[in-house]
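A.B. asks: below is the sequence, then the predicted model.
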Amino acid sequence: MLDGSDHVADADNGALVFTAAGCASCHAAPGAEDKLVLAGGYSFASDFGTFYAPNISPGAQGIGGWSLAEFTRAVTMGVSPQGKHYYPAFPYTSYVHMTDNDVADLFAYMQDLPVSDTQSRPHDVGFPFNIRRGLGLWKQLNMSDAYVLGGPRPEPFERGRYLVEALAHCGECHTPRDAIGGLDRAAWLSGAPNPSGKGRIPNITPGALDWSEADLVYYFESGLTPDYDSVGGSMAPVVANLAKLPDSDRAAIAAYLKAVPAIP
Amino acid sequence: MKLLTKTSISLALSAALIATAGYAASQTASSSNAGVAARHAQMQMVAYNIGMLGAVAKGEVEFDAEMVNSAATNLKMLASMDTASLWLDGTAQGEVDGSRAKAEIWSDRAGFIGKFKQMEDAAAGLVDVASLEDLRAGMGPLGGSCKACHETYRGPKN
């Protein structure tokens, strides 16, 4: 499909995919002024060790020299050009749903970003999780190209589903995980312990979140909750990304969230 | 038309009052420290007035220049309050109950005041706005000023 496709890469759409997918939120250096320098270094604490986001800038330390096929395999399958499995801190279990055209557009866009020469920091993961071969089995158990809320549905639901389940990878934080770190799809978006600190990531199903569709759209646009508190914590950079999307995309996400099965 | 506007405003006000009352009820014991409780009262005033503007920006309430101007003016004044009597020494998060004030407020008071100035400027930009479009455009910087300060100077909820 990748070879022989007559798709002409559209870097403008790639920019939108980049924003919706939140790439810079994790791959820019922590505290960096220029979020488009994807030097990596952001840390993710987990039950299995600490992961560090790698350099994915278009240079020798990042994705410089990669082919589109290699990039696609990395993003949608979690496999490096050297054939190694990535740890699922990289949300490829969500990006598995990304369309080939969006991946190609994203790849084209990222070629024009600044190069960083920062070396990627090795993950700090102990035995047995440092054996990457085990990740192949993990993927067989936890990776599916079927949507959680499947089936053909009227728009804007399907666009919202693509944004929530694929690009914005909302479920990665808002859905609880099982003992080996797989998402509990039966408890989709019903909240989870915060892996990197105290407190909980909230349940955003209609069983707990009673915001109206207009409230949701306004929150994504302005960062203000219905009681006019401002967005905080890890959600702040997410909303900063959502605010840059077209109005129709924010409305689609809200429509999807309203259709998610309610879990109290 | 005039009546409709008045009705929708009073409806929105009732909604805002109920929301505020709910907030106030949950905050009755916001802190045993009077200074912290006073800070919460200031934030409650801020939330109330931003709520007036937000309801218009969201399209829930019709644009009324007088109300918008009043809320924006109040926000500008709330943002210009002096911080010294409110953020007293010894009232950071962990030092007294109910406080989410980070230690950075004391170690970097100039930066903290700068964030209030950012809010003051954003609110000033909304004083006397003439149209819904201008109001909507001005809500971004205003919400952004809340977020910018909370990100740096407000601690986690739990």
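C.D. replies: Arrived safely. These figures come from a predicted structure and were not determined experimentally.
A.B. asks: spit out the contact partners of the most centrally placed residue in chain B.
C.D. replies: Closest to where the C-alpha atoms of chain B average out (CA atoms, centre = their mean) is residue B:46, at 2.1 Å. By CB atoms under 8 Å, 6 or more residues apart in numbering or on different chains, the contact set of residue B:46 is A:228, B:75, B:78-79, B:146. All C-beta spots, glycine's among them, are computed from the backbone N, C-alpha and C.
A.B. asks: go again using 7 Å as the cut-off
C.D. replies: Neighbour list for residue B:46: B:75, B:78 [criterion: CB atoms under 7 Å, 6 or more residues apart in numbering or on different chains].
A.B. asks: where does it fall, secondary structure wise?
C.D. replies: helix B:34-57 (DSSP states H and E).
A.B. asks: so for the helix or strand that that helix is followed by, mean pLDDT?
C.D. replies: Next along the chain after helix B:34-57, taking DSSP H and E as the criterion, comes helix B:65-79. Mean pLDDT, helix B:65-79: 98.
A.B. asks: helix B:65-79 and chain A, are they touching?
C.D. replies: No. Shown here: helix B:65-79 not in contact with chain A (CB under 7 Å from any CB of the partner chain), separated by at least 10.9 Å.
A.B. asks: kindly export the helix holding residue B:46 (C-alpha atoms) in PDB.
C.D. replies: C-alpha atoms of helix B:34-57 as PDB (Å, rounded to 0.1, in the frame of the first residue of the first chain):
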ATOM      1  CA  ALA B  34      -8.300  33.500  56.900                       C
ATOM      2  CA  GLY B  35      -5.800  34.600  54.300                       C
ATOM      3  CA  VAL B  36      -6.200  31.500  52.200                       C
ATOM      4  CA  ALA B  37     -10.000  31.700  52.500                       C
ATOM      5  CA  ALA B  38      -9.700  35.300  51.200                       C
ATOM      6  CA  ARG B  39      -7.600  34.200  48.300                       C
ATOM      7  CA  HIS B  40     -10.300  31.600  47.500                       C
ATOM      8  CA  ALA B  41     -12.900  34.300  47.600                       C
ATOM      9  CA  GLN B  42     -10.900  36.400  45.200                       C
ATOM     10  CA  MET B  43     -10.700  33.400  42.800                       C
ATOM     11  CA  GLN B  44     -14.400  32.800  43.200                       C
ATOM     12  CA  MET B  45     -15.000  36.300  42.100                       C
ATOM     13  CA  VAL B  46     -12.700  35.800  39.100                       C
ATOM     14  CA  ALA B  47     -14.500  32.500  38.200                       C
ATOM     15  CA  TYR B  48     -17.900  34.200  38.500                       C
ATOM     16  CA  ASN B  49     -17.000  37.100  36.200                       C
ATOM     17  CA  ILE B  50     -15.200  34.900  33.600                       C
ATOM     18  CA  GLY B  51     -18.300  32.800  33.700                       C
ATOM     19  CA  MET B  52     -20.400  35.800  32.700                       C
ATOM     20  CA  LEU B  53     -18.100  36.300  29.700                       C
ATOM     21  CA  GLY B  54     -17.800  32.600  28.900                       C
ATOM     22  CA  ALA B  55     -21.600  32.200  28.800                       C
ATOM     23  CA  VAL B  56     -21.700  34.900  26.100                       C
ATOM     24  CA  ALA B  57     -18.700  33.500  24.200                       C
END
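A.B. asks: can you get me a residue count around residue 119?
C.D. replies: The chain I'm using is chain A. 12 (other CB atoms under 10 Å in any protein chain shown).
A.B. asks: actually chain B
C.D. replies: Residue B:119: 25 surrounding residues under other CB under 10 Å.
A.B. asks: quick check: it is in a strand.
C.D. replies: No. Assessed with DSSP: H, G, I helix; E, B strand; the rest coil, residue B:119 is helix; it does not lie in a strand.
A.B. asks: dump the residue contacts of it.
C.D. replies: When contacts are counted by CB under 7 Å, 6+ apart, residue B:119 is found next to B:79, B:145.
A.B. asks: separation between it and residue B:143?
C.D. replies: Residue B:119 is 10 Å from residue B:143, where distance means CB to CB, to the nearest Å.
A.B. asks: and for residue A:110?
C.D. replies: Distance, residue A:110 to residue B:143, by CB to CB: 30 Å.
A.B. asks: which parts of chain B sit against chain A?
C.D. replies: B:19, B:23, B:47, B:50-51, B:54, B:58, B:139-140, B:143, B:146-147, B:150-151, B:156-158.
A.B. asks: kindly recompute the last result at 6 Å.
C.D. replies: Counting by CB under 6 Å from any CB of the partner chain, chain B comes close to chain A at B:19, B:47, B:50-51, B:54, B:58, B:139, B:143, B:146-147, B:150-151, B:158.
A.B. asks: pull out the buried members of these.
C.D. replies: Listed as buried from the residues of chain B next to chain A are B:19, B:47, B:50-51, B:54, B:58, B:139, B:143, B:146-147, B:150; burial here means 16 or more other CB atoms under 10 Å in any protein chain shown.
A.B. asks: for residue A:85, state which of those residues is nearest.
C.D. replies: Nearest to residue A:85 among these: residue B:147, at 37.0 Å, using CB to CB.
A.B. asks: what about that closest one, helix or strand, and which?
C.D. replies: Using DSSP H and E, residue B:147 sits within helix B:132-153.
A.B. asks: where in chain B is pLDDT low?
C.D. replies: By pLDDT under 70, the weakly predicted segments of chain B are B:1-29, B:158.
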